[in-house]
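Q: got a structure for you, letters missing:
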Ligand SMILES: [Zn+2]
């Protein structure tokens, strides 16, 4: 592997080291920005930025890593599941729209807070800044004044890149009208000495807005370039929708160089993530995997590996169902964790519930001594495995040990030879046997009884799980207490 470790224990991928090499000594400001207009799922962008920030830190550079939450952005589209009456807030800043569920102070916070919690659970060394705070505290004041003073140049760039004529009264600044809307007003005059513009709103009322106090914002294409300068950005990753021809980076690059006189930050273009059987992730289509949900089934560094793939410049299709155990096995091997197949953890978790001691015993008997040692870690792994089994596992991997009465009902489908076989097996099992020894008893008893192993094992699975097949029977049975097996085998 071309990976190097960082001081934080988060692996630094080779591609991130190569990007860091091109960015110079620093100090660096790594920025990533997302609009909290719905469920925030774009973890790949943040992880690309984090990997590069960590690579820079590992090279000794001073790094500020910023998550720019676009909380002042106007509400443009109602996210799936939001009541229709939120239409009335169209054009209002997300930070000023109420929380649709009433649990946070705003619409923006409702979607931002869980994402921020997930980042903190991942122990990400990142500053989360809210754009409405930045505007209100004057961080954007100078660049906004500069943008308004260069309205014609900015308009020229937009027209050249898009090939479309911009409206005659186009302004880079969107003042917030008395109605609360950021859209629909026309800027009349700039008063640079007072950090104000005079505008006329949709109803024809004239008023002034102070851009050093957050009484409005820059339009998003201009804001992108202005943000680089205001925050001193030296690196920002972008998804391919932004970097295509005529996209927002093409206009921002020119605005940065030609108007704001600021060098274009280093860049990395990442590709999309899609979900197997569903398609590309999209919040408007409701095809999303939220980081907070994914952290229920895997540890933070596994989530980093899952989301980044081998190289985030390549598209990746996530398979959280049948393909997930193999991914987890790869992850455990790469991170040097003791060997135990994820499928076995899933079996153990479903067999013993949250009883860590029983799980450790079951692992030892299955031959996974090392994995049984660190019980704190084992307890966490069991939670991941159980959550995965509940949410994502294919039906064939879902186990539920039958209750004794269910077991008796299931045994009704067995013939006399199979019942006799189960009774003999239960007499031969002893508490000290490990998985292999049990497997041997199951097999030998079948041969001695003249029963085909396939029919013998089918009987075992039938009375334990109500299925005709299951996990490798020896280790599975070795993990159960003898009482529980005996009770179900005496049919
Ligand atoms: Zn809420």
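A: Arrived safely, thanks for sending. In this text, all values refer to a predicted model and were calculated from it rather than measured experimentally.
Q: Would you check that residue 11 makes contact with residue 308?
A: No: between residue 11 and residue 308 there is no contact under CB atoms under 8 Å: 9.7 Å. C-beta here means a position set from N, CA and C on the backbone, and glycine is covered the same way.
Q: Give me the pLDDT value at the residue lying closest to residue 176 once chain neighbours are set aside.
A: Nearest residue to residue 176 in three dimensions, chain neighbours excluded: residue 216, at 4.8 Å (CB to CB, 6 or more residues apart in numbering). Note on residue 216: pLDDT of 98.
Q: and what of residue 69?
A: Residue 69 carries a pLDDT value of 97.
Q: Surely it and residue 37 touch.
A: No: using CB under 8 Å, residue 69 is not in contact with residue 37; the gap is 10.6 Å.
Q: Neighbour count for those two, which is higher?
A: Taking neighbours as other CB atoms under 10 Å, residue 69 and residue 37 compare with residue 69 leading, 28 against 22.
Q: For the single nearest residue of the stretch 201-350 of the chain relative to the ion, give me the backbone phi and psi.
A: Nearest residue of the stretch 201-350 of the chain to the ion: residue 292, at 13.3 Å (CB to the ion). Main-chain dihedrals, residue 292, degrees, to the nearest 10: phi -60, psi -30.
Q: give me the number of residues near it?
A: 15.
Q: Any figure for the gap between the closest residue to it other than its chain neighbours and the ion?
A: Leaving aside its chain neighbours, residue 292 sits nearest to residue 118 (4.6 Å; criterion: CB to CB, 6+ apart). Distance check for residue 118 against the ion: by CB to the ion, to the nearest Å, it reads 15 Å.
Q: Residue numbering should commence at 531 henceforth.
A: Sounds good: first residue 531 from here, last item residue 648.
Q: Relative to the whole chain's centre, how far out is the helix or strand that contains residue 648?
A: Using DSSP states H and E, residue 648 falls within helix 637-651. Here helix 637-651 is found 12 Å from its chain centre; the criterion is CA atoms, centre = their mean, to the nearest Å.
Q: mean confidence for the helix or strand immediately after that helix in the chain?
A: Using DSSP H and E, the next helix or strand after helix 637-651 towards the C-terminus is strand 657-660. Mean pLDDT, strand 657-660: 98.
Q: Going by neighbour count, list what's buried in the next helix or strand after strand 657-660.
A: Toward the C-terminus, strand 657-660 is succeeded by helix 661-666 as the next helix or strand (DSSP H and E). Within helix 661-666, the residues scored as buried using 16 or more other CB atoms under 10 Å are 661-662, 664-666.
Q: And for helix 661-666, what's in contact with it?
A: If you take CB atoms under 8 Å, 6 or more residues apart in numbering as the criterion, helix 661-666 is touched by 598-603, 623, 625-626, 638, 670, 741, 743-744, 746-747, 760.
Q: next one: that helix to chain centre, how far?
A: The answer for helix 661-666 is 26 Å, by CA atoms, centre = their mean.
Q: Next: stretch 667-676.
A: Relative to its chain's centre, stretch 667-676 lies at 33 Å (CA atoms, centre = their mean).
Q: what does that stretch contact?
A: Against stretch 667-676 from outside (CB under 8 Å, 6+ apart): 664, 702-703, 720, 722, 725, 741-744, 747-748, 753, 756-757, 759-761, 789-790.
Q: Enumerate the residues of the stretch 531-680 of the chain near the ion.
A: 629, 631, 633-634, 640 (CB under 5 Å from the ion).
Q: One more pass at 8 Å, please.
A: Residues of the stretch 531-680 of the chain lying near the ion by CB under 8 Å from the ion: 629-634, 639-640, 643.
Q: Any of those buried? List them.
A: Using 16+ other CB under 10 Å, the buried ones in those are 630, 634, 639-640, 643.
Q: In JSON lines, list those residues along with pLDDT.
A: Formatted as JSON lines, these follow (pLDDT from 0 to 100):
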{"residue": "630", "pLDDT": "94"}
{"residue": "634", "pLDDT": "97"}
{"residue": "639", "pLDDT": "98"}
{"residue": "640", "pLDDT": "96"}
{"residue": "643", "pLDDT": "97"}
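Q: Residue 551: which of those is nearest?
A: For these, the minimum distance to residue 551 (CB to CB) is 36.1 Å, reached by residue 643.
Q: That closest one contacts residue 634, correct?
A: Yes: counting by CB under 8 Å, residue 643 does reach residue 634; the two are 5.7 Å apart.
Q: Tell me the predicted confidence for residue 535.
A: So, for residue 535, pLDDT stands at 53.
Q: just residue 816 next, same as before
A: Value for residue 816, per-residue pLDDT: 71.
Q: Now do the contacts for it.
A: Here residue 816 is in contact with residue 610 (criterion: CB under 8 Å, 6+ apart).
Q: residues near residue 945, how many?
A: For residue 945, using other CB under 10 Å, the count is 11.
Q: Tell me the secondary structure at residue 683.
A: At residue 683 the chain is in helix, as set by DSSP: H, G, I helix; E, B strand; the rest coil.
Q: Leaving out sequence neighbours, find the closest residue to the most centrally placed residue in the chain.
A: Centroid-nearest residue in the chain: residue 821, 2.9 Å away (criterion: CA atoms, centre = their mean). Nearest non-adjacent residue to residue 821, counting by CB to CB, 6+ apart: residue 648, 3.9 Å away.
Q: Likewise for residue 683?
A: residue 789 (5.2 Å).
Q: mind listing what residue 679 touches?
A: 720, 722.
Q: picking that back up, of the buried residues of helix 661-666, closest to the ion?
A: Using CB to the ion, these come closest to the ion at residue 662, 16.9 Å.
Q: Any figure for the gap between the closest one and residue 613?
A: According to CB to CB, to the nearest Å, residue 662 stands 23 Å off from residue 613.
Q: can you tell me the helix or strand for the residue nearest to residue 824 when sequence neighbours are not counted?
A: Distances taken as CB to CB, 6+ apart put residue 833 closest to residue 824, at 5.3 Å, once the chain neighbours are dropped. For residue 833, the host element (DSSP H and E) is helix 830-838.
Q: By mean pLDDT, which helix or strand of this structure comes out lowest?
A: strand 534-535 (a mean of 54; mean pLDDT, DSSP states H and E).
Q: Residue 795: how many residues sit nearby?
A: 23.
Q: quick one: it and residue 558 touch, right?
A: No: using CB under 8 Å, residue 795 is not in contact with residue 558; the gap is 9.3 Å.
Q: any shared contact partners between these two?
A: With CB under 8 Å, 6+ apart as the test, residue 795 and residue 558 both reach 764-765.
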